[in-house]
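>>> pasting the sequence and the predicted coordinates here, then a few questions.
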Amino acid sequence: MKIIVTGGAGFIGSHLCERLLKDGYDVGCVDNFLTGSKLNLYNCFQNKKFTLIQHDVIKPLSRSIKCDAIFHLASPASPNLHSKLSYLALSMETMLVNSQGTLELLKLAKLNNAKFLFASSSEVYGDPEEHPQKEDYNGNVSTTGLRSVYDESKRFGETLTAHFIRKLNLDARIARIFNTYGPRMLKADMRMIVNFITQALEGKRITIFGEGKQTRSLCYIDDLIEGLIRLMFYPNTKGQIINLGSTEEHSVREYANLVKKLTNSKSKIVCSEKLPQDDPKKRKPDITKANQLLGWQPKIDLKVGLKKMIEYYKKTL
Ligand SMILES: NC(=O)c1ccc[n+]([C@@H]2O[C@H](COP(=O)([O-])OP(=O)(O)OC[C@H]3O[C@@H](n4cnc5c(N)ncnc54)[C@H](O)[C@@H]3O)[C@@H](O)[C@H]2O)c1
């Protein structure tokens, strides 16, 4: 069975490629290295069942490519204003990969009669007025706000996917991924937990936005990968929209304190600036549906996951 993973050289994609290879699939990783890296694929290159296709998915892939399933993960994902790799800096690329790119990949899935999974995001809920967020909550998103380039393009990617299911009977599904953490998140991405870990390990000030009262729930990468695979391959998943994330909620300040403790760091925790525009104050998934349909829930304890991540950055920094 041949599986295509777009964005396979990124954080989530590279872990997914590795797991699919371990499960015995042929894997084709499609990536243009906008925010990903060949280094993330080091383990995959050792496997003969792995192919790398350097390609921008906004353009059609060769019609000669045959596949049985497509995981469409390609998209910048970091919200940090100060990162050159954030979806704010790469705004046009983000809008196009989630709209035009999704359309091209849906067409390829249809041509191959392949299964399809669109990697959407908790950001489709915007700054939610409902807490925790269920899949039937329509969200509170500004169409023109700073983060809309990501939020609205993910929403449109979902719309395209739903259209292909409804009109063309495609075997597709949507994963709404909540904050995920683990090894291989790029330091340059400047996502919250990487920032905290690298600042703590380098003895720099640990910077939090605002007072750090805003909450987040973080899911360890291995748990997320298990959820994505079940959502693609389990029966009765066609047409489903599923939240995948952790329900363990902590304030940003609590995460900073925990990282400081686990790294034995002397770094000071400081409030840097006010909250970025449209920064959600609360974010936590309702995962009842994932539990019922996929028997899925995160298993890896936060401290265990953070320790694994800290070990990785100790070696790579
Ligand atoms: N990491 C999270 O917490 C999180 C949360 C919600 C949703 N997601 C979604 O999951 C997916 C993967 O996120 P990630 O954290 O691994 O991000 P990442 O930036 O590490 O990986 C994205 C990959 O997509 C590639 N890419 C981007 N545009 C491309 C294009 N036009 N053509 C080909 N490749 C392209 C990049 O080079 C990179 O390798 C994204 O769609 C993201 O929106 C991630």
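Happy to help now that I have it.

>>> ok now the helix or strand harbouring residue 225, how far from the chain's centre?
Assessed by DSSP states H and E, residue 225 sits inside helix 221-233. Chain-centre distance of helix 221-233: 12 Å, with CA atoms, centre = their mean, to the nearest Å.

>>> so it, near the ligand or not?
No - contact of helix 221-233 with the ligand (CB under 6 Å from any ligand atom) is absent, the minimum separation being 8.1 Å. Bear in mind the C-beta positions are built from the backbone N, C-alpha and C, glycine included.

>>> can you name the element that comes right after that helix?
Next helix or strand after helix 221-233 toward the C-terminus (DSSP H and E): strand 241-244.

>>> report all helices and strands that that next one contacts.
If you count contacts as 3 or more CB pairs under 8 Å, 6 or more residues apart in numbering; DSSP states H and E, strand 241-244 packs onto strand 172-177, helix 221-233, helix 288-294.

>>> alpha carbons of the first one, as CSV, please.
Translated: strand 172-177. What follows is strand 172-177, C-alpha atoms only, in CSV (Å, rounded to 0.1, in the frame of the first residue of the first chain):
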residue,chain,number,x,y,z
ALA,A,172,-11.9,11.7,3.0
ARG,A,173,-11.8,12.9,6.6
ILE,A,174,-10.7,16.0,8.6
ALA,A,175,-8.4,16.0,11.6
ARG,A,176,-8.6,19.1,13.8
ILE,A,177,-5.2,19.0,15.4
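
>>> what pLDDT, on average, does that strand get?
Averaged across strand 172-177, the pLDDT comes to 98.

>>> just the longest one next, same as before
pLDDT averaged over helix 221-233 equals 98, rounded to a whole number.

>>> likewise stretch 276-296?
Rounded mean pLDDT across stretch 276-296 is 89.

>>> now it: buried residues?
Across stretch 276-296, burial judged by 16 or more other CB atoms under 10 Å covers 278-280, 282-287, 289-290, 293-294, 296.

>>> out of the helices and strands packed on strand 241-244, which is the most enclosed?
Stretch with highest mean neighbour count among the helices and strands packed on strand 241-244: strand 172-177 (a mean of 24; mean count of other CB atoms under 10 Å).

>>> tell me which strands and helices that one is in contact with?
Against strand 172-177 (3+ CB pairs under 8 Å, 6+ apart) you get strand 115-121, helix 148-168, helix 221-233, strand 241-244.

>>> so how far is that strand off the chain centroid?
Counting by CA atoms, centre = their mean, strand 172-177 comes out at 11 Å from the chain centroid.

>>> tell me the strands beside it, with direction?
strand 115-121 (parallel), strand 241-244 (parallel) (DSSP bridges).

>>> what are the contacting residues of that strand?
Applying CB atoms under 8 Å, 6 or more residues apart in numbering, the set of residues contacting strand 172-177 from outside is 12, 106, 109, 115-122, 124-125, 135, 158, 161-162, 164-165, 224, 227-228, 231-232, 237-245, 285.

>>> surely residue 35 touches residue 83?
No - judged on CB atoms under 8 Å, residue 35 makes no contact with residue 83 at a distance of 9.4 Å.

>>> need the residues touching each of these two.
residue 189.

>>> of the two, give the one with the bigger neighbour count.
Taking other CB atoms under 10 Å, residue 35 and residue 83 do not tie; residue 35 has more neighbours (27 against 21).

>>> mind listing what the more buried one touches?
Taking CB under 8 Å, 6+ apart as the test, what residue 35 contacts is 10, 76-78, 85, 90, 186, 189.

>>> then residue 187?
Counted by CB under 8 Å, 6+ apart, residue 187 has contacts 194, 198, 313, 317.

>>> residue numbers of the stretch 151-300 of the chain in contact with the ligand?
Going by CB under 6 Å from any ligand atom, the residues of the stretch 151-300 of the chain near the ligand are 177, 179-180.

>>> CSV for those residues, including distance to residue 208?
Formatted as CSV, those follow (distance: CB to CB, whole Å):
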residue, distance to residue 208
177, 23
179, 15
180, 20
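
>>> so what's the residue count around the residue found closest to residue 88 once you drop the neighbours it is linked to in the chain?
Nearest residue to residue 88, sequence neighbours excluded (CB to CB, 6 or more residues apart in numbering): residue 81, at 5.8 Å. The number of residues packed near residue 81 is 16, by other CB under 10 Å.
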